[in-house]
Structure formats: C-alpha cells, structure tokens
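build the 3D model from these lines:
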Amino acid sequence: VQLQACGGGLVQAGGSMRLSCASSGRTFGTYTMGWFRHASGKERVFVAAISGSGKWANYEDSVKGRFTISRNRATNTVDLQMNSLKPEDTAIYYCATCSYTDTWYNTGYWGQGTQVTVSS
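Next up is the predicted model:
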C-alpha cells in the first residue's frame, strides 16, 4: 500500500482546510485508516481514524466536533475535513494504516506528511 497525502498549507485561525490521502493497492478497503500529526517539539499523535467500511470513526478529544474523517472506497481516498482550526493544530499531518488496542498505532504504512500551519 502506498499513501500520498496532500492539501496542507497556511490558514488563519478559525478557518478550514481539507486534507486528502490517496492510496494505491487493491486491499485499501480492508484497512482502518487514520490521520496522525506531529507538532514541532512533540511526539506524533493520533488525530482520527475510520474503519475499512467507513461505518465508524474515532477522534482525538481535542478535534472532536471540528474535524471529520471520511473515505471513498471507489477512489481509494481518505479525507480529513478540518474546521475551526486553531494555532495548536499546526503540525505535519500523516495518513496511515492503523489499529487500536489501548491506544492508536500505525500498522505499517505511512504517507509522506503534509504541513498544516494555522496562524493566530
């Protein structure tokens, strides 16, 4: 599975941005897909995930109600719609295959990352 993320950039606080992750590979629909982010000086952390079927999604508490993850099985893409952005959302965002035990973790495939910068 190869993942290619795009859609980052610079936005003012309160604005919106949409990230997209395109995947190659016939088995894309079997993977739970997620977005993680890595802010400068901090560890990379989980943001959101969506099941292979697209029937359920899970969000990190700080983005609930502001971010929406979705997937299109026909085009093999996973999107992250980010609204009401805050400066603390500034980070490099990565799409990835993932799973959950007591925390969300990557299951082997990462996209290349896309920078999101939110100005105050």
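
how about the nearest residue to residue 80, chain neighbours excluded?
Once its chain neighbours are removed from consideration, residue 80 has its nearest residue in residue 19; the separation is 4.4 Å (C-beta to C-beta, 6 or more residues apart in numbering). C-betas here are computed from N, CA, C, even on glycine.

what about that neighbour, neighbour count?
A count of nearby residues for residue 19, using other C-beta atoms under 10 Å, gives 24.

all numbers from here: first residue = 311
All right, first residue 311 from here; so that's residue 329.

longest strand in the protein, by residue count?
strand 401-410 (DSSP state E).

who's sitting farthest from the centroid in this structure?
In terms of distance from the mean C-alpha position of the chain, residue 430 ranks first, at 22.0 Å (C-alpha atoms, centre = their mean).

might one say that the residue nearest to residue 390 is in contact with residue 425?
No: using C-beta atoms under 8 Å, residue 329 and residue 425 do not qualify as a contacting pair, with a distance of 10.5 Å.

overlap in contacts of the two?
Taking C-beta atoms under 8 Å, 6 or more residues apart in numbering as the contact definition, residue 329 and residue 425 share the neighbouring residues 318, 403.

so what's residue 404 bridging to?
With DSSP bridges applied, residue 404 shows beta-bridge pairing to residue 346.

buried stuff in stretch 394-406?
Along stretch 394-406, these residues count as buried under the neighbour rule (16 or more other C-beta atoms under 10 Å): 395, 399, 400, 401, 402, 403, 404, 405, 406.

show me what contacts the last one?
The one in question is residue 406. The contact partners of residue 406, by C-beta under 8 Å, 6+ apart, come to 313, 343, 344, 345, 346, 416, 417, 419, 420, 421.

which residues of this protein score low on pLDDT?
Applying pLDDT under 70 to the chain flags no residue at all.
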